[in-house]
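In: Next comes the sequence, and after it the predicted model I'd like to discuss.
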Amino acid sequence: MLNLFTRYKLIIITAVLLLLITGCNNSSTPSTANNSSTAPYLTMTDDTGRSIVLSHKPERIVVLSPSFLELLYSLDGHAVGRPNSKLGTIPLAEQEAAEVGFVYNINLEKVVALQPDLVIGLEGMHDKFVPILESNHIPVMILKYKTYDDVFDKIALFGTIAGSEQQAHVLAQDLKTKLTAISNKLPAKKVKVAILHATAKSVTLELDTSIAGSTAKLLQLENVAADSTPLAVSPELAPYSLEKLVEKNPDILLVVTMGNSTDIEKNMNETVKNNPAWLSLQAVKNNKVVYLPSDLFLLNPGLRMPEAVGYMANIVYPEIYANAK
């Protein structure tokens, strides 16, 4: 028979084992609950500083900008609503989505009627729709899309939205490879450029934060307006000064037109011919005044970024980039 001390010892050991077993069973409960609980599909801050929480992968997306539509479909996403297009360049797959008005004139009633679980709008254009959409319990992201960095940011974001993260990574790497192939050919010399932003009523200078400016920066061109004070209403632009332009004397004048490009070009050519100060510019003397295509340089070219960079590279260094355009 066991003595009293041994019996107490066995009782204590048994009690400890029971506590350990019970403790292990209890500790697995939160893990099971965590696995069964529904975590948000995506939590992010949009470019206006608003917090966005998507409870599930969006299946009824309405896109208010053609640029974002291109990105979404390039990553195997799809939309139930999209902007109209005057250009007729929307691919067949994207045309299946319902039209909700032009990018600058969205019909919000049509948007709401589609019962979207996500609306994606462009900063500076669609911000005003946020209160109405939120009052209808519709998640809305307002995103900026002005620079090349924005393109890579949005590729990653749209890859997450569409559940195509790996495809987004491959797409971004492909763009970077093409850009590197262009930059690797750059000669070791500096070329000064001025980028004019011309409308029917005014001329301003574009800074490095504009599309054409960021293209020039990528090509290591010296933008003579880089140190200028930006306009308050358009921080990618600076006031135009012919006196300063003459002082900087750029090698090439690049012109981005906004409006009727034919009329703007005609008016500018008349101004150049009738103004001795213009005629004194090195770029004018060497016939280096180039009008850039609006589809590549007025708005963000998006996935056509390598095409835009190759186009400008060919203008500046035709002997090197003759086939890059």
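Out: Looks like it arrived, so ask away.
In: And the contacts of stretch 259-272?
Out: With contacts defined as CB atoms under 8 Å, 6 or more residues apart in numbering, stretch 259-272 is touched by 196, 198-200, 203, 255, 257-258, 278-279, 284, 289, 291, 294. Every C-beta, even on glycine, is put in place using the N, C-alpha and C of the backbone.
In: Quick one, which of those are buried?
Out: Leu196, Ala198, Val203, Val255, Thr257, Trp278, Val284, Val289, Tyr291 (16 or more other CB atoms under 10 Å).
In: Looking at the residues you listed, which are in strands?
Out: Using DSSP state E, Leu196, Ala198, Val203, Val255, Thr257, Val289, Tyr291 are the members of those that sit in strands.
In: what about the second one, distance to Tyr240?
Out: Going back to what we said before, that points to Ala198. Plainly put, Ala198 is 9 Å away from Tyr240 if you go by CB to CB, to the nearest Å.
In: one step back: would you mind checking which of the buried ones among the contacts of stretch 259-272 is nearest to Gly121?
Out: Ranked by distance to Gly121 (CB to CB), these are led by Thr257 at 26.0 Å.
In: wait, what's in contact with that closest one?
Out: Ala198, Thr199, Ile264, Glu265, Tyr291, Leu292, Ser294, Leu298.
In: check contacts around the closest residue to Leu42 other than its chain neighbours.
Out: Excluding its sequence neighbours, the residue lying closest to Leu42 (CB to CB, 6 or more residues apart in numbering) is Leu54, at 4.3 Å. Leu54 is in contact with Pro40, Tyr41, Leu42, Thr43, Asp117, Leu118, Pro139, Ile161, counting by CB under 8 Å, 6+ apart.
In: Can you check the pLDDT for the fifth one?
Out: Same thing as Asp117. At Asp117, the pLDDT value in this model is 96.
In: any idea how far Leu72 is from Tyr240?
Out: 37 Å.
In: More neighbours: those two, which one.
Out: Leu72 (24 against 17; other CB atoms under 10 Å).
In: quick one: low-confidence parts of the stretch 201-325 of the chain?
Out: 323-325 (pLDDT under 70).
In: Which stretches in it count as strands?
Out: With strands called from DSSP state E, counting those that start in this stretch, the stretch 201-325 of the chain shows them at 203-206, 222-223, 237-239, 252-257, 289-292.
In: Now render those strands as a markdown table, adding distance to Val130.
Out: Formatted as a markdown table, the strands of the stretch 201-325 of the chain follow (distance: least, CB to CB, whole Å):
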| stretch | distance to Val130 |
| --- | --- |
| strand 203-206 | 29 |
| strand 222-223 | 35 |
| strand 237-239 | 26 |
| strand 252-257 | 30 |
| strand 289-292 | 33 |
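In: how about those strands, which one is nearest Ile320?
Out: Comparing the strands of the stretch 201-325 of the chain by CB to CB, strand 252-257 comes nearest, at 14.8 Å.
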